[in-house]
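Peer 1: mind folding the following:
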Amino acid sequence: MSEEIPEAKPVEKPEVKAEEKPLETPTRISIDEFARVQMLVGQVLEAEKIEGSRKLLKLRVDIGDEVRQVVAGISEAYAPDDLINKKVILVANLKPAKLMGVESNGMIVAASDGGRPVLATFNEDVPNGSPLR
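Peer 2: Modelled structure (predicted):
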């Protein structure tokens, strides 16, 4: 009589969110590599939640010579109306990406404080489109 061997169950690993992972020592880059990142001052003209998403907002951001549509994962920390006219930092030379079917043409710079996004902004009025150095 043969014994039945119970089927092995997969071991469930606890889910680790990106913002909970320990920070690794960053790779150092040259000043030439850093100079390739084009960061500009932008002013949020419009903001709205993206249907079906908890985190994403669609923003229209004035960067001086054009207005860009950008998708940002900040809606758990910022209400759309609170972003209108706020000055932000926009990474302007990223390739376009689609998030939840909405095209994003840049990235808003934010810190992560315990997983909560905190926008990088300015204490003084800076003209839209001003480059960061």
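Peer 1: what are the bridge partners for V41, then?
Peer 2: I89 (DSSP bridges).
Peer 1: just checking, it touches E124?
Peer 2: No. The pair V41 and E124 does not pass the contact test of Cβ atoms under 8 Å, sitting 10.7 Å apart. The C-beta positions use only the backbone N, C-alpha and C, and glycine is treated the same way.
Peer 1: in terms of neighbours, single out the busier of the two.
Peer 2: Counted by other Cβ atoms under 10 Å, V41 and E124 do not tie: V41 has more neighbours, with 22 against 5.
Peer 1: against V37, how distant is L57?
Peer 2: 22 Å (Cβ to Cβ, to the nearest Å).
Peer 1: these two - which one has more neighbours?
Peer 2: Taking neighbours as other Cβ under 10 Å, L57 and V37 compare with L57 leading, 24 against 12.
Peer 1: give me the pLDDT value at the closest residue to the more buried one other than its chain neighbours.
Peer 2: Nearest in space to L57, with sequence neighbours left out and distances taken as Cβ to Cβ, 6 or more residues apart in numbering, is S75 at 4.7 Å. Per-residue pLDDT puts S75 at 95.
Peer 1: likewise for the one 10 residues further on?
Peer 2: Per-residue confidence (pLDDT) for N85: 97.
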